[in-house]
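Undergrad: Predicted model and sequence follow; I will ask about them next.
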Amino acid sequence: MPVFYSPIPMNLRMGLASLGGSVFSNNKTGDFNTDHNKEQDDKTVNELVSHLPLQMLLYFNVIYFPCWWASAVIMLDLKFYSLPVYYQALLVTGIVLLSVCEITRLYLGYIGNLKEKVPELAGFWLVSFLFQFPILLFFLTDEDIIILPLERAVYSIYLLFIILELLAAFFALRAMTRKLTLLFHLRQFGEVENLHHLNHHHFHSAGLSPAFGMPYYGRAVLPMPSHTNNVHCH
């Protein structure tokens, strides 16, 4: 099995995991109420929560990315000298940011979805929402940059990919955080049961009462009739 190394530092991974758990998880009190279904919990724990539609979108996005990049560079070269200097700088910066963020974003999306890692998938969602989405809106809405027909078409398809991936990643993160929350609670319950069993065994082996730590002689609290006294009476 190949080993995937995450480019996210540990502190940032912990922050993304906490953010994903607080934003995308369901209500914990509602998940563990009296009407909780154990069979549904077992199914949630054992099921594979990798999101197939998200993986398909990422796959086609990887194929589409070189086509978009070539079209964007060609269109920028055609209109570059017709633009003011500040728009030239903005468009070059925008394409560079989109290219760098896209490589990182797709990598995080693949790892987060296939390996069921919440921090990486949360990073994918944040990069898509905070960087790719606003930059693409700028390229599609600002008429002063002389939007060419081919440019409008390729950027529209790119924006559609981003919107669909944001929705798919949201549902994938909800499923992953729900599974991790359930596993956390089940692990806690298992540790409590093991601790109770160990304490019970320790107190009995030491001759102590498991409730109060008092000497325990194996006798009942209520007086019990003795069979030997009945024999002697007869």
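TA: Thanks, I have it. Only a predicted model underlies this, so the values are computations on that prediction, with no experimental measurement involved.

Undergrad: what is the mean pLDDT for whichever strand or helix holds residue 160?
TA: Assigned by DSSP states H and E, residue 160 belongs to helix 149-206. Helix 149-206 shows a mean pLDDT of 77.

Undergrad: Would you map the helices across the protein?
TA: 10-24, 28-31, 38-46, 52-79, 85-114, 118-127, 133-141, 149-206, 227-233 (DSSP state H).

Undergrad: for the closest residue to residue 57 other than its chain neighbours, what are its contacts?
TA: In space, and not counting its chain neighbours, residue 57 is closest to residue 165: 5.1 Å by C-beta to C-beta, 6 or more residues apart in numbering. Backbone N, C-alpha and C define where each C-beta goes, glycine included. Contact partners of residue 165, counting by C-beta atoms under 8 Å, 6 or more residues apart in numbering, are 54, 57, 58, 61, 109, 128.

Undergrad: now, which of those residues sits nearest residue 101?
TA: residue 128 (8.6 Å; C-beta to C-beta).

Undergrad: burial measure for the closest one, as a count.
TA: Residues within reach of residue 128, counting by other C-beta atoms under 10 Å, total 22.

Undergrad: Quick check: it touching residue 166?
TA: Yes. Judged on C-beta atoms under 8 Å, residue 128 makes contact with residue 166 at a distance of 5.6 Å.

Undergrad: so what's in contact with those two at the same time?
TA: In contact with both residue 128 and residue 166: no residue, using C-beta under 8 Å, 6+ apart.

Undergrad: and the nearest residue in space to residue 129 that is not next to it in sequence, how many neighbours does it have?
TA: Nearest non-adjacent residue to residue 129, counting by C-beta to C-beta, 6+ apart: residue 166, 6.1 Å away. Other residues lying near residue 166 total 17 when counted by other C-beta under 10 Å.
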